[in-house]
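Colleague: need a structure here:
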Amino acid sequence: MLPWLLAALFGAALAFGLYALRERAGIGRTLPLIALRAVALTLLIALVLDAPAGRAREPAPLVALDVSGSWLRGGGTDRWDRARGRARELGADSLLIVGDSVRQRALPDSPDDNASRVGPLVERALAAGRPLDRLCLPLAAWMHFVRRRAAAGEPLVDPLSARLEELARTGTDGRATTDVAAFLALEAVFARDLAASAPFRAALVKAYGRLGAAGAPLT
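Modeller: Residues are numbered from 1 along each chain as shown. Here you go, the predicted structure:
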């Protein structure tokens with residue numbers, strides 16, 4: 001809105017000034033011409049200022065489905081089948097699958113990747129200007145899960161279990177900003193550039209605080 005307002009003000013001022021210098025005595029007769037020149041100048045200045053042509057719309061969120069084998073740990077495929085069906089409903093233009101890597105292909109019949117690497121998906125969403133709120137929820141849930149398991153003295157099944165348990169015991173205090181900062185310092189999990197991203201950090205802190213306030217059952 002501001003670029004268009006500036007363009008209109010400068011366009012009107014320039015048009016009036018140009019005709020006022022030439023037609024000092026009969027300025028009233030040239031008002032229609034001044035108006036036309038003002039419109040033309042406004043459009044030209046708007047192009048220079050890169051003024052938006054319409055109302056800005058927030059990009060739709062990316063839709064991604066974890067295809068790691070963790071879906072099958074509880075036995076059965078009911079949860080996986082429901083998630084796959086929901087992903088198909090939502091992922092009209094941007095359905096991705098996440099596991100050992102992030103890629104765009106047909107959904108598999110069963111989840112069989114060995115890992116759930118979400119970092120590249122977040123980087124893709126950041127680059128495309130997509131919202132991060134929902135994307136950060138599973139990451140925040142994982143952080144809560146690690147912290148609660150460590151607090152309960154229950155072992156983690158993870159290649160980084162020793163480091164995660166130590167971090168949860170000594171580097172977190174239950175506050176969103178402190179806990180998220182501690183987890184983002186794990187370069188084995190979060191790339192340095194991603195961890196330094198202010199939008200990502202803010203969205204993750206918000207998601208972590210939201211889950212903590214809601215008392216979501218994460219264990």
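
Colleague: ok, and the helix or strand in this protein with the lowest average confidence?
Modeller: helix 2-22 (a mean of 67; mean pLDDT, DSSP states H and E).

Colleague: for residue 71, give its distance to residue 108.
Modeller: 11 Å (C-beta to C-beta, to the nearest Å). For glycine as for every other residue, the C-beta is placed from the backbone atoms N, C-alpha and C.

Colleague: no no, residue 158
Modeller: On the measure of C-beta to C-beta, residue 158 and residue 108 end up 23 Å apart.

Colleague: just give the closest residue to residue 80, not the sequence neighbours.
Modeller: Distances taken as C-beta to C-beta, 6 or more residues apart in numbering place residue 71 nearest to residue 80, at 4.3 Å, with adjacent residues excluded.

Colleague: so who does the one you found touch?
Modeller: Residue 71 makes contact with 77, 79-80, 83, 111, according to C-beta atoms under 8 Å, 6 or more residues apart in numbering.

Colleague: quick one: it from residue 211, how far?
Modeller: 21 Å.

Colleague: same check on residue 179?
Modeller: Separation of residue 179 from residue 211 (C-beta to C-beta): 11 Å.

Colleague: what does residue 95 give?
Modeller: Remark: distance between residue 95 and residue 211 (C-beta to C-beta) = 25 Å.

Colleague: poorly predicted segments of the chain, please.
Modeller: 1, 3-4, 6-7, 10-12, 15-35, 38, 41, 49-62, 91-94, 213-219 (pLDDT under 70).

Colleague: ok, which stretches of it are helices?
Modeller: With DSSP state H as the criterion, the chain has helices at 2-22, 31-48, 78-90, 119-128, 133-151, 161-170, 176-184, 192-195, 198-214.

Colleague: is residue 203 in contact with residue 133, as I believe?
Modeller: Yes. With contact defined as C-beta atoms under 8 Å, residue 203 reaches residue 133; the gap is 5.8 Å.

Colleague: okay, these two: which has more neighbours?
Modeller: Ranked by neighbour count (other C-beta atoms under 10 Å), residue 203 and residue 133 place residue 203 first, with 24 against 12.
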